[in-house]
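Chemist: I'll drop the sequence and a predicted model, then ask my questions.
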Amino acid sequence: MLDSKIGSIAAGIGGALLIGYCIYFDRKRRSDPNFKKRLRERRRKQKIAQEKSGLARIPDLKDPGAVQQFFLDEIQLGEELLAQGDYEKGVDHLTNAIAVCGQPQQLLQVLQQTLPPPVFQMLITKVPTVSQRIVSAQILAEDDVE
């Protein structure tokens, strides 16, 4: 009985010390004069990386007109890049189009018939990761609105 009381008191004191340290550390971090500068710089780098990945201009998936325009733009840009021989970027844009497409299976069937097999294989390997990134970006965009 006495041991359980001592253990409970020790756990309570340890928890209070941990919370106190967290508050101290957070206050120290926020009062750092370079904190906001580093935070802005990190966010700027993330934005640049996102723009390079081609996902910066993802439309609101609830707006059918914006999704349709995005889809058509991505298909057109992907086809142009493939025609120029830039397979990597072309596949990226086609993958973005597939990710927002209402009927991806039909689009994939058409692309399988029109694309060379190695290019189509590149496309198939990228679809799951790009689809997941688009869904994640949409969730983050919804969080920013709220």
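Modeler: Thanks, I have the structure now.
Chemist: what about the helices in the protein?
Modeler: Assigned by DSSP state H, the helices in the chain fall at 2-31, 35-52, 64-84, 87-100, 104-114, 117-145.
Chemist: CA atoms only for the second one, dumped as CSV, please.
Modeler: Written as CSV, here are the backbone C-alpha positions of helix 35-52 (Å, rounded to 0.1, in the frame of the first residue of the first chain):
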residue,chain,number,x,y,z
PHE,A,35,12.9,31.3,-34.5
LYS,A,36,10.5,33.0,-36.8
LYS,A,37,13.2,33.5,-39.5
ARG,A,38,14.1,29.8,-39.4
LEU,A,39,10.5,28.8,-39.4
ARG,A,40,9.8,31.0,-42.5
GLU,A,41,12.9,29.6,-44.2
ARG,A,42,11.8,26.0,-43.6
ARG,A,43,8.3,26.7,-44.9
ARG,A,44,9.7,28.4,-48.0
LYS,A,45,12.0,25.4,-48.7
GLN,A,46,9.0,23.1,-48.3
LYS,A,47,6.9,25.2,-50.7
ILE,A,48,9.7,25.2,-53.3
ALA,A,49,10.1,21.4,-52.9
GLN,A,50,6.4,21.0,-53.4
GLU,A,51,6.4,23.2,-56.5
LYS,A,52,9.2,21.1,-57.9
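Chemist: Low-confidence ranges, the chain, go.
Modeler: Applying pLDDT under 70 to the chain picks out residues 1, 50-57, 135, 137-146.
Chemist: quick one on the thing from earlier: using CSV, lay out the helices of the chain together with mean neighbour count.
Modeler: For the C-beta atoms, the positions are set from N, CA and C on the backbone; glycine is no exception. Converted to CSV, those look like this (neighbours: other Cβ atoms under 10 Å):
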stretch, mean neighbour count
helix 2-31, 10
helix 35-52, 11
helix 64-84, 15
helix 87-100, 21
helix 104-114, 13
helix 117-145, 14
